[in-house]
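Novice: Here is a sequence together with a model predicted from it:
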2 protein chains.
Amino acid sequence: MPAMNDTPATVYLVDDDESVLSALSRLLTGYGYRCERYSSAEDFLSKHNPAAPGCVVLDVELPGLNGFALYDRLREMPPCRPAIFLTGRGTIAGSVNAMKSGAIDFLTKPVEADDLVNAVKAACQRDIDARNAFARKKSVEERLASLTARELEVMTHVVTGRMNKQIAADLGIVEKTVKVHRCRMMTKMEVRTVADLVRIITLHES
Amino acid sequence: MPAMNDTPATVYLVDDDESVLSALSRLLTGYGYRCERYSSAEDFLSKHNPAAPGCVVLDVELPGLNGFALYDRLREMPPCRPAIFLTGRGTIAGSVNAMKSGAIDFLTKPVEADDLVNAVKAACQRDIDARNAFARKKSVEERLASLTARELEVMTHVVTGRMNKQIAADLGIVEKTVKVHRCRMMTKMEVRTVADLVRIITLHES
DNA sequence: TTGGATATTGCCCTTGGGTCCAACAGCGTC
DNA sequence: GACGCTGTTGGACCCAAGGGCAATATCCAA
């Protein structure tokens, strides 16, 4: 049997209207999502757990920091949680900017239940993907950071397909030395074949 | 000296208002873009050259096929030309859908010159990138298509880092045979090292 | 000053990969 | 039936890569 999604994704609701929070929470809970309610941007920023997977539903018109500003703050701390904007009186320019910034959706109140649920579903999926990608990226960076300058240098030559002899000539050292660096580099990068090394580096840089 | 961009990008203007076409054409020509003017979606679809690089500026409210429908048609023929929407009386839902479909920008009339120029610049750059990526993808696909079934099979094992001996065991043949297929595969894929092969396949699949 | 990290090199041996030439069998086409 | 494509295998040879063991040199910090 395939792995079930046992831990329900969390939807962080940020709206200064208590009745909206209640309605959204009721709707999404009915679809199996865990909901957390915040009445302001500051409240959300200070209390939410950035490490927990899920998405955020933001009212644009908030007292203090508004929805757009809140999203800007969120984007500064990767992996950024996917956002869905809600607004009562939004503009086209605002919605377009939000989408260009990477928002999943931008909905107007009163919101259609289906629209919101679909957006939340897409957002949570993107969050899973983004967190996986971020974890991989971080892992690769840690391994890269453990390399010495020479090992890193050798690695860049190896991933471009150069032979030990050529690398040695480029670096002005002997082939045997390249072999030593190369061996240590492969161990630190936790790969056993050149194919694996090239794959993780290529994906990391793209 | 680095290569200059000698061939100016073309901006395809689609609007049923002649005065709008003139104004946009004048503005963009002044910024070094070549402009082509079309008064309807059908006119554009039947006459434009999909192979020429550039972007399209679409009025949403067009007689016959409207701007959204036109963009849907464009997306069916990759590499899709990047689009910038213009509208006199658009809705948030419309702009959000357009952005979700991959539009570069969605501007309201009367449009700010800077907004349009920036959008066109971004769109043309994305078109260049997209066309380069598309050409590379197509090239790889042609080479893959030239492989025999066996060669393709061997290739999938090679890019996962398996040794000839292991591949031979998996395929129920002798190592020597694997070497032959491998050699022919490398020649057809036009690569000289495993690193190059892994890179193009990894980028092609991602 | 001494120990640890890093870089360097040599020698030797094993394994793996690349490339010649040559050959045979199945399968479909002309 | 001859021909071409594909898949298969053999042998021989060379080069590349990996690993073990040993040694030297430099630099920095405790």
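Specialist: Everything's here; your move. Numbers count the residues shown, from 1 in each chain, chains lettered A, B, ... in the order given.

Novice: so residue A:58 bridges to which residues?
Specialist: In this entry, residue A:58 is beta-bridged to residue A:14, residue A:85, by DSSP bridges.

Novice: I figured it hits residue A:85, correct?
Specialist: Yes - counting by CB atoms under 8 Å, residue A:58 does reach residue A:85; the two are 5.4 Å apart. In this view, the C-beta of every residue, glycine as well, is placed from N, C-alpha and C.

Novice: In stretch A:152-163, which residues are buried?
Specialist: If you call a residue buried by 16 or more other CB atoms under 10 Å in any protein chain shown, then stretch A:152-163 has these buried ones: A:153-155, A:157-159, A:161-162.

Novice: let me fix that: stretch A:15-33
Specialist: Of the residues in stretch A:15-33, those buried under the neighbour-count criterion (16+ other CB under 10 Å) are A:15-16, A:20-21, A:23-25, A:27-28, A:33.

Novice: cool, and stretch A:110-129?
Specialist: Within stretch A:110-129, the residues that count as buried by 16+ other CB under 10 Å are A:111, A:116-117, A:119-120, A:122-124, A:127.

Novice: so residue A:35, which of the three states?
Specialist: Secondary structure, DSSP: H, G, I helix; E, B strand; the rest coil: residue A:35 is strand.

Novice: Roughly how far does it sit from chain B?
Specialist: Counting by CB to the nearest CB, to the nearest Å, the separation of residue A:35 from chain B is 23 Å.

Novice: now residue A:197
Specialist: According to CB to the nearest CB, residue A:197 and chain B sit 8 Å apart.

Novice: As a check, name the ranges of all helices in chain A.
Specialist: With helices called from DSSP state H, chain A shows them at A:18-30, A:41-47, A:67-75, A:92-100, A:113-145, A:149-159, A:164-171, A:175-188, A:194-205.

Novice: Switch these over to CSV; also include distance to residue B:171 and mean pLDDT.
Specialist: Putting the helices of chain A into CSV (distance: least, CB to CB, whole Å; pLDDT from 0 to 100) gives the following:
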stretch, distance to residue B:171, mean pLDDT
helix A:18-30, 51, 95
helix A:41-47, 56, 92
helix A:67-75, 49, 93
helix A:92-100, 49, 96
helix A:113-145, 31, 95
helix A:149-159, 28, 95
helix A:164-171, 30, 93
helix A:175-188, 27, 95
helix A:194-205, 18, 96
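
Novice: Pipe the ones you listed into a markdown table and attach distance to residue B:54 per row.
Specialist: Supplementary listing: these in a markdown table, determined by distance: least, CB to CB, whole Å:
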| stretch | distance to residue B:54 |
| --- | --- |
| helix A:18-30 | 43 |
| helix A:41-47 | 41 |
| helix A:67-75 | 31 |
| helix A:92-100 | 21 |
| helix A:113-145 | 31 |
| helix A:149-159 | 35 |
| helix A:164-171 | 41 |
| helix A:175-188 | 45 |
| helix A:194-205 | 29 |
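
Novice: Mind putting those into a markdown table with distance to DNA strand D?
Specialist: Written out in a markdown table, the entries for these read as follows (distance: least, CB to the nearest atom of the strand, whole Å):
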| stretch | distance to DNA strand D |
| --- | --- |
| helix A:18-30 | 51 |
| helix A:41-47 | 38 |
| helix A:67-75 | 37 |
| helix A:92-100 | 45 |
| helix A:113-145 | 17 |
| helix A:149-159 | 8 |
| helix A:164-171 | 3 |
| helix A:175-188 | 4 |
| helix A:194-205 | 6 |
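
Novice: quick one: which of the ones you listed is nearest residue B:72?
Specialist: When the helices of chain A are compared for distance to residue B:72 using CB to CB, the nearest one is helix A:92-100, at 17.7 Å.

Novice: Output the contacting helices and strands for that closest one.
Specialist: helix A:67-75, strand A:83-87, strand A:105-108, helix B:92-100, strand B:105-108 (3 or more CB pairs under 8 Å, 6 or more residues apart in numbering or on different chains; DSSP states H and E).

Novice: Could you list every helix and strand that the last one packs against?
Specialist: Counting contacts by 3+ CB pairs under 8 Å, 6+ apart, strand B:105-108 is packed against helix A:92-100, strand B:83-87, helix B:92-100, helix B:113-145.

Novice: The shortest one versus helix B:67-75: what angle between them?
Specialist: When you say that, I think you mean strand B:83-87. Computed by axes from the mean of the first three to the mean of the last three CA atoms, to 10 degrees, the angle separating strand B:83-87 from helix B:67-75 equals 170 degrees.

Novice: helices and strands around strand B:83-87, which ones?
Specialist: Here strand B:83-87 is seen to pack against strand B:54-59, helix B:67-75, helix B:92-100, strand B:105-108, helix B:113-145 when contacts are counted using 3+ CB pairs under 8 Å, 6+ apart.

Novice: Mind doing that once more with 10 Å?
Specialist: helix A:92-100, strand B:10-14, strand B:54-59, helix B:67-75, helix B:92-100, strand B:105-108, helix B:113-145 (3 or more CB pairs under 10 Å, 6 or more residues apart in numbering or on different chains; DSSP states H and E).
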